[in-house]
Each structure stands twice: as structure tokens, then as C-alpha cells.
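[1] coords below, sequence missing:
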């Protein structure tokens, strides 16, 4: 289940920007619109889970229905011949897909005696699924090669993912039954969105962290939206397969995180994550597909520090600050702020800046484009370093 869940996401989302630019002639702003559907899905997902899944239906059945519906939408995306026709399908797809991330977790937790110890072993299969999808695209079908892209072969990623989605949709109905959560508390909109945790913002340190989390999503959006088109455009061979280095490093640095967290503390861990974003984009700005390819690969490899050291550390910090009463609400609020508000801002800005540096034949001034998120990340780094007061945070997984 977990393997297919993330195989599906990684099998089309990584190459989306390249496909839209090459095959549908989409502008940077239009590509940003397509990626922003992830944020709209993240904003709407809590309502589907909180108002429907947690109250009325078994999680595995909803998971099956959502993925079967997703298979149909993937086929419609595969057959789309213009951005105008493509966009409604990708928007509806992400609204249906994002809730499945919470559903697979719920189904997993429901079968475990000790989720804190058991879940990581299951979740790593999701990362393996994402890696597997990238390797298939680059090294089995070669859909991201210049010749295949010129023939429009990247659209086959939607067909591949559609088949995987249909398989997971059917398989879901055979998963262990996960009935609705029985709760005496009334489900409220503020509870679903995590607004009950807003009172945590009275703590100055948490407020600084909260705002920094939103702002660091702007550089993150540049990576999601532009990394694959950038690597493809400058002539890096097998770009999608090479981008799986980022997921491999994510697993490795997740293993190193407990040591780093205990050795250097929360503030330095977060700052290391922020600094890694700046270094990554500087490497992208000055690397190339020839003798400086190692700079690009190193930039991709920094993904583990960029993501784990900031976002995973941030989840631990949020959990510590919120306490038992507001734990779920606080995590919901951070998710809404980052993947909702922060990423929406980030994709919009990335789209505008990308369109500003378009050259002839739809090529781009990538060195200038990448310096924007690099500068923004170092600015967030400086503000956080100056305004966040060091405090001891216990590492808990």
C-alpha cells in the first residue's frame, strides 16, 4: 500500500513541469498553477478526512474510491492536448489524492501495536516507491531523454500512474478494515484546520518558527516546480532518475537526525536545514551538465538536509510546544500554513520569476532564476538566527 501510494505521486509529479513546458507549451505561471493544485488539495484534504472519513466510512474503502477515481483522472490528463483542458483534471486529482496521504497513515496505525517503532519501517516503502518510479522513467522507459521528450513520450507517465492507481484502488478494498473513529467531541471547522492551536502563536519563539516555516516553503516551491525542467533543459542525462538521489539522501539524513538534534540542539538543526537550501540553489546556479555536473548532483543530494533538518525537526518542535491537548491541532495548523499558504505563495513567485527569465526557444536564464530562492533562503536563515531564542527541545519520534 505505502509503496504504491508514493510510486503514484513520484511517477508524475517530478516530471510535471517538464511535460507541461515541452508538450503543452505552458508558461512558468501556468506550470505554477498546476503545481499549486497540491496546495489546494492540502487545504481541502482535512475536510474530506475530518468531515467524512473519520465519521462515516471505513478508511480503506474511501482510499479505494479515491484511487479508482484518480485512475480515471490520470487517463484524462494523459489524453489532454492543451493546458486549459489539463488543468481541471489535475486540480480535481490533487483534491482527491492529498486526503489519501492521511488515510494510508490511519490504516497503518490501526494495525500496529507500537506505531512509534513500527511505522517508520512501513513508511520507508513509500520513499522506495517514489525512487522506483523515477528510476523506471529514466532508466527503463527513457521517457525523459531528449529524443523521447521531443516525441511527447513524457505523457506516458500519466498512463503508468493511472494503472498503478487502479491497482491500489482495487487492492484497498482488501486491506484490513479501518472503521471510523468514534469520538464524543463535536467536529468543528476550527478543529479540522488546526485553528484551535493559534494560541500557541503567543509564544514568540513558536511565532518565529511558524512564520519561518511559511517563508521557507517559497524556496521549496522552486525546487518542486523547476528542478526537473532545469536539468532536462540544460542536457543532464536521465534527470528524473538522478533526482531520486534526493529521496535516498532523505532516508540517510533521517537516520542522522537524532544524533544531530541531540548534539547541536533544535535551533542549529533548523539553521542547517535553511542554509542547505541556499547552498543547493547556488550549486544549481553555477553548475552545468558538463564538467560541473557534480555540483548539480550535490545540490540534489542536499535534499535530505533541506527537508529532514527543517520539516521533520519542525514537527518534533511543534509536538513539544503543543503538548497533548493541542498536538493534533498544532500539526494541522503547521501543515495548512506550509503546504497550503506557504507553497501557494512559493509556486506563484516561482512562476513569475521563471517567466521573467525566458530566452529564445523557450529556454531560460537558469543561473539568475536559482539565485532568487538562494537569496530568499539566506534571508529567512538570518531572520530566524537573530530572532529565535535557543531553547532545549527533547527529540521524540
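    Structure received. Note that this is a predicted model, so its numbers are computed, not measured. Residues are numbered from 1 along each chain as shown.

[2] count of residues packed around the nearest residue to residue 292 once chain neighbours are set aside?
    Closest residue in space to residue 292, ignoring its immediate chain neighbours: residue 286 at 7.1 Å, by CB to CB, 6 or more residues apart in numbering. In this view, the C-beta of every residue, glycine as well, is placed from N, C-alpha and C. Residue 286 is flanked by 14 other residues according to other CB atoms under 10 Å.

[3] Wait, residue 286 touches residue 367, no?
    Yes: between residue 286 and residue 367 there is a contact under CB atoms under 8 Å: 6.7 Å.

[4] any idea how this structure splits into domains?
    Taking automatic domain parsing as the criterion, the chain consists of the domains 1-175, 194-397.

[5] Centre of the chain to the first one, how far?
    Domain 1-175 sits 11 Å away from the centroid of its parent chain (CA atoms, centre = their mean, to the nearest Å).

[6] Now do the same for the residue nearest to residue 292: its pLDDT.
    Per-residue pLDDT puts residue 286 at 97.

[7] Contacts only, for residue 157.
    By CB atoms under 8 Å, 6 or more residues apart in numbering, the residues touching residue 157 are 11, 12, 15, 19, 137, 143.

[8] Can you tell me the closest non-neighbouring residue to the fourth one?
    Take residue 19 and drop its neighbours on the chain: the residue closest to it by CB to CB, 6+ apart is residue 154, 4.4 Å away.

[9] so what's the one you found up against?
    Here residue 154 is in contact with 15, 18, 19, 22, 23, 143, 144, 148 (CB under 8 Å, 6+ apart).

[10] let's go with 7 Å and repeat that
    15, 18, 19, 22, 23, 143, 144 (CB atoms under 7 Å, 6 or more residues apart in numbering).

[11] Which one (most neighbours) among the residues you listed?
    residue 144 (30 neighbours).

[12] What distance do you get for that one to residue 298?
    Separation of residue 144 from residue 298 (CB to CB, to the nearest Å): 21 Å.

[13] now swap in residue 249 and tell me
    Counting by CB to CB, the gap from residue 249 to residue 298 is 10 Å.

[14] neighbour-wise, which of these two wins?
    Using other CB under 10 Å, the more surrounded residue of residue 249 and residue 298 is residue 249, with 19 against 15.

[15] check which helix or strand covers the more buried one.
    Secondary structure assigned from DSSP states H and E places residue 249 in helix 239-286.

[16] rewinding a little: now, among the contacts of residue 157, which is nearest to residue 82?
    The nearest member of these to residue 82, counting by CB to CB, is residue 19 at 12.9 Å.

[17] Verify the contact between that closest one and residue 158 for me.
    No: under the criterion of CB atoms under 7 Å, residue 19 is not in contact with residue 158, lying 8.4 Å apart.

[18] circling back to that earlier point, from the contacts of residue 154, which land in helices?
    18, 19, 22, 23 (DSSP state H).

[19] Look at the second one and report its pLDDT.
    In this case it means residue 19. For residue 19, pLDDT reads 98.

[20] What distance do you get for it to residue 197?
    Noted for residue 19: a distance of 38 Å to residue 197, by CB to CB.

[21] What of residue 363?
    For residue 363, the distance to residue 197 - CB to CB - is 45 Å.

[22] and what of residue 106?
    Counting by CB to CB - residue 106 and residue 197 are separated by 20 Å.

[23] who's more crowded, those two?
    Neighbours were counted for residue 106 and for residue 197 using other CB under 10 Å; residue 197 has more, 25 against 17.

[24] Low-confidence regions, the stretch 51-200 of the chain specifically.
    53-54, 181-195 (pLDDT under 70).

[25] got it, and the stretch 251-397 of the chain?
    For the stretch 251-397 of the chain, the stretches with pLDDT under 70 are 328, 394-397.

[26] which residues of it fall in helices?
    293-301, 303-307, 313-335, 343-356, 366-387 (DSSP state H, counting those that start in this stretch).

[27] Give the other helices and strands that the shortest one contacts.
    What that stands for is helix 303-307. helix 239-286 (3 or more CB pairs under 7 Å, 6 or more residues apart in numbering; DSSP states H and E).

[28] now the last one
    In terms of contacts (3+ CB pairs under 7 Å, 6+ apart), helix 366-387 is packed against helix 204-233, helix 239-286, helix 343-356.

[29] between the second one and helix 366-387, how many degrees?
    Right, helix 239-286. Counting by axes from the mean of the first three to the mean of the last three CA atoms, to 10 degrees, helix 239-286 lies at 70 degrees to helix 366-387.

[30] and helix 239-286, how far out from the chain's middle?
    For helix 239-286, the distance to the chain centre is 15 Å (CA atoms, centre = their mean).

[31] How about the contacts made by residue 168?
    Shown in contact with residue 168 (CB under 7 Å, 6+ apart): 1, 4, 5, 8, 67.

[32] please redo it, this time with the cut-off set to 10 Å
    1, 3-5, 7-8, 63-64, 66-68, 70-71, 100, 104, 175 (CB atoms under 10 Å, 6 or more residues apart in numbering).

[33] Can you flag the buried ones in these?
    1, 3-5, 7-8, 63-64, 66-68, 70-71, 100, 104, 175 (16 or more other CB atoms under 10 Å).

[34] Can you flag which of those belong to helices?
    The members of the buried ones among the contacts of residue 168 that map onto helices under DSSP H are 3-5, 7-8, 63-64, 66-68, 70-71, 100, 104.

[35] Can you add distance to residue 321 and give these back as JSON lines?
    As requested, these are exported to JSON lines (distance: CB to CB, whole Å):
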{"residue": "3", "distance to residue 321": "34"}
{"residue": "4", "distance to residue 321": "35"}
{"residue": "5", "distance to residue 321": "29"}
{"residue": "7", "distance to residue 321": "35"}
{"residue": "8", "distance to residue 321": "34"}
{"residue": "63", "distance to residue 321": "32"}
{"residue": "64", "distance to residue 321": "37"}
{"residue": "66", "distance to residue 321": "33"}
{"residue": "67", "distance to residue 321": "35"}
{"residue": "68", "distance to residue 321": "40"}
{"residue": "70", "distance to residue 321": "36"}
{"residue": "71", "distance to residue 321": "41"}
{"residue": "100", "distance to residue 321": "29"}
{"residue": "104", "distance to residue 321": "27"}
